[in-house]
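1. Sequence and predicted structure below; questions after.
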Amino acid sequence: MAGSSACKPCPRNTFSAREANSCQKCDETRQFSEEGSSKCQNRPPCTEKDYFQIHTQCDSNKKTQVMYKWISPKLCREDMAKASGLPPSGEKQDCPPCNPGFYNNDTSSCAPCPPGTHSDGTAACQQCPAGTEPVVGFVYKWWNTLPFNMKTSCFNVANTKCDGMNGWEVAGDHIHSGIGGSDNDYLILSLHIPSFSPPTSTSQSTGAEVGRITFVFETQCDDQCELYFMVDINRKTTNVVESWEGSKERQSYTHLITNNAAVTYTWAFQRQNSPLEVRKNQADNVKIYLITVSNAANGVGLMCRPCALGSDQSSPTCVPCPAGHYIDKATNQCRECPANTYLSPHHLYGLESCIPCGPASHSNKDHSVCFSDCSFTLSMDNRTLAFQFSGLNTVTSLMNGPSFTSRGTKYFHFFNITLCGNEGRKGAVCSDNVTDVTLPDVQNDADTFSNVITSFLCQSTIIPSDGRSFRTALSSQSISLADSFLGASVEPSMQNITARPNHFPPPETHLPDIHFFYMSSVSTASCEGGRGAVVTMRCSPGTDERGEISVPSDCPGGTCDGCTFLFLWLSAGACPLCTSADFHQIEGACRGGIQETTYVWKEPKVCTKGFPLPPKAIANCEMIDFWLKVVVGIGAFTAVLLIILTCYFWKKNKKLEYKYSKLVMNANSREVELPAADSCAIMEGEDNEEEVFYSKKSSLLGKLKSLASKDKEDIFESVQLKSPRARNI
């Protein structure tokens, strides 16, 4: 600008070239330009995306008018071929009914039902029948006017173009994002709930849930729009709970409230995260069809449901059931849930509201949660193995990383794990530690700037100190991965949660892995049923009792799909308790009348604690040693005797065979008939040239030999030599 020491941007629908000293106007009939433009652009033909509709408030005749307006500023032309014109406004339509809990008393607006009454939105408010109580909360499904506890606004960090604009517009059966001033505006819708009040029948319950919000929405985007859902507790800090990018089909999302405090829910929609010279995405929008909030303290009566009655049946007054009790359908009396079941947090009518606990889990005395007592039994190979994980129940931490953002910022994934808790009470704590920064006002009010998560298993993102603005590491984005314990099993799946053991190395022992399954109640855009976590306990005799925890090497963030987080815990404390079947005895030799028995573990040893190894045993073995020697001596003597007798008779038989063969040979050589021999034995008077002579004093062996000779004399028979001459002799 001429005469100015600084450059200023040209206004809308003007332009200037480089180093110009003035701005030139565009032909506004055919052209347009954004603020600070260097040239004008041709206006495109108008389409249905260049206007929007709104509904007026209902009149005394319960009619509403449909109005159409151009998106401001208008950038299109209606006088071009195939251009769409603005539809006529003023069409009257019937007003939609009131939302549940509200009524229309022949007026143009809906009013809330008085306390203790209810309405479905189409009829007058009515008292609940005896034995029932109203369900209090908010259900917004008709959007003719903005509800009394909701606000809308527009915000932009860089400019004030959209200040004062409505960020959202009501449209009958839904509420949608507004136009805003630019594509990078934040279009904000907020809902404030001062506190929560559970029904009378559940006021004594110790469950974690005090309320919940559910909303149904869809986004329609041509580019990278984003919808943020945020929660502010006690008006301290606003935390982003979930976000959705790009177009999303119609879907629902639920968020649980565990603290009875003032809560503000906020939806923020942004079409583009960076400013552009020309608006390209003004047609991108988000629609919310339904918002439901349960147990709101300032809520209206939505419907009636059965409540518990006192012992006096004549009194219709509802009474609170004790913790862990359900309402019996037949008598409307409070009944305690069976053992090892927990009470549903939002359904107390009938025995089916008592939900069985999972395997290897027990319910606490209030029947509010199921927990693990850190023990597990397994039948395997005709044995019952007992596991005791109580030594691993203290809070254990795992730091995994580092990882890097697209801009090179280094960060770590930090996990806190408590395996069993304390009868359902969770011990792992993660927090957003942003108090240790250089700003003194943040340091003075730490609670305002911190988000503390208590769970069985939680995660934080740790950004290490860079030495400039932070003195220590920064912890942020703390989330719970395990709000409830589902059970423990050697099976790899439980309630749609899978352990995926193939992501870890195979075990070194024959023992199966034991999987602890957990579930988080907070759902996400990619995990509508909530996140899950599996801690796999594996016996590792070579490690100490504390062991070591790891995540899959191919999933460094602990999850491969964003929904199920996997952990492997190697520990000697994960081995079964030792029993008498895990060792064997070795008996030593009997020395000096004493025998030692030693007990040793079977190799490889895959047990811990439990039954201790017995000490060395010493026993007297004198009698057993003496008789053992006697038996061995007799056996040895008998064996030697049998060998000697066998050798003797074998030799005697060989001699007889020799004599017989000699006689046969002599007879054949003479070719005469020999007289028949009465016997082949040596007769009396004949000399036995080969006889063995013994000493005059016979030994024990000689006596036995003589005895055997006498016995054998009658054994031998005479053999006649058959010859043709024998008959003539």
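-> Received it, and whenever you're ready, just let me know what you need.
2. Starting from the least confident helix or strand in the chain by mean pLDDT, tell me the next helix or strand along the chain.
-> Lowest by mean pLDDT, DSSP states H and E among the helices and strands of the chain is helix 440-444, with a mean of 36. Next helix or strand after helix 440-444 toward the C-terminus (DSSP states H and E): strand 452-455.
3. Check which helices and strands the helix or strand that comes right after that following strand sits against.
-> Note on strand 452-455: by DSSP H and E, the next helix or strand toward the C-terminus is strand 457-463. The helices and strands touching strand 457-463, judged by 3 or more Cβ pairs under 8 Å, 6 or more residues apart in numbering; DSSP states H and E, are strand 410-417, strand 428-431, strand 474-482, strand 564-571. All C-beta atoms are positioned from the backbone trio N, CA, C, and that covers glycine.
4. make it 6 Å
-> Counting contacts by 3 or more Cβ pairs under 6 Å, 6 or more residues apart in numbering; DSSP states H and E, strand 457-463 is packed against strand 410-417, strand 428-431, strand 474-482.
5. Please enumerate residues in contact with it?
-> Residues from elsewhere that reach strand 457-463 (Cβ atoms under 6 Å, 6 or more residues apart in numbering): 411-412, 414-417, 428, 430, 473-482, 533.
6. Buried ones from the residues you listed, can you make that a PyMOL selection?
-> In PyMOL, this line selects whichever of the contacts of strand 457-463 come out buried by 16 or more other Cβ atoms under 10 Å:
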select buried, resi 411+412+414+415+416+417+428+430+473+474+475+477+478+479+480+481+482+533
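7. So Glu250 belongs to a helix, correct?
-> Residue 250: Arg, not Glu. No: the assignment for Arg250, made by DSSP: H, G, I helix; E, B strand; the rest coil, is strand rather than a helix.
8. Now it: closest residue in space that isn't a chain neighbour?
-> Distances taken as Cβ to Cβ, 6 or more residues apart in numbering put Glu218 closest to Arg250, at 4.2 Å, once the chain neighbours are dropped.
9. where does that neighbour land in three-state SS?
-> Here Glu218 is strand, with the state taken from three-state DSSP.
10. I'd say it and Lys287 touch.
-> Yes: with contact defined as Cβ atoms under 6 Å, Glu218 reaches Lys287; the gap is 5.5 Å.
11. Mind listing the shared neighbours of the two?
-> By Cβ under 6 Å, 6+ apart, no residue touches both Glu218 and Lys287.
12. what's around the residue nearest to Arg250, how many residues?
-> 18 (other Cβ atoms under 10 Å).
13. List the residues that contact the residue nearest in space to the middle of the chain.
-> With distances taken as Cα atoms, centre = their mean, Ala533 lies nearest the centre of the chain, 2.4 Å away. By Cβ under 6 Å, 6+ apart, the residues touching Ala533 are 457, 481-482, 518, 565.
14. ok, which stretches of the stretch 251-400 of the chain are strands?
-> Secondary structure of the stretch 251-400 of the chain (DSSP state E, counting those that start in this stretch): strands located at 263-270, 285-294, 300-306, 325-327, 334-336, 341-343, 354-356, 362-363, 370-371, 375-380, 383-388, 396-404.
15. what residue ranges in the stretch 101-250 of the chain score low on pLDDT?
-> Along the stretch 101-250 of the chain, segments meeting pLDDT under 70 span 106-108, 159, 161, 200-208.
16. Going by residue numbers, what spans are strands in it?
-> Under DSSP E, counting those that start in this stretch, the stretch 101-250 of the chain gives strands at 102-103, 111-112, 117-118, 126-127, 132-140, 150-155, 168-170, 175-177, 186-193, 211-220, 226-233, 238-245, 248-257.
17. in stretch 373-386, what counts as buried?
-> Neighbour counts over stretch 373-386 (16+ other Cβ under 10 Å) mark 374, 376, 378, 385 as buried.
18. what about it, average pLDDT?
-> The average pLDDT within stretch 373-386 is 91.
19. what do you get for stretch 481-488?
-> On average, stretch 481-488 scores 91.
20. Kindly report the same for stretch 33-49.
-> Stretch 33-49 comes out at a mean pLDDT of 85.
21. List of residues touching that stretch?
-> By Cβ under 6 Å, 6+ apart, the list of residues contacting stretch 33-49 reads 9-10, 12-13, 15, 26, 31-32, 76-78, 80, 83-84, 277-278, 283.
22. Any of the residues you listed buried? List them.
-> With burial judged by 16+ other Cβ under 10 Å, the buried subset of the contacts of stretch 33-49 is 10, 13, 15, 26, 31-32, 76-77, 283.
23. I'd like the list of the contacts of stretch 33-49 that fall within strands, please.
-> 15, 31-32 (DSSP state E).
24. so what's the backbone phi/psi at Thr528?
-> No, residue 528 isn't Thr; it's Glu. According to degrees, to the nearest 10, the main-chain angles of Glu528 amount to phi -70, psi -30.
25. please begin residue numbering at 57 from this point
-> Let's use 57 as the start, then, which means that last one is Glu584.
26. Could I get the pLDDT score of it?
-> On the pLDDT scale, Glu584 gets 75.
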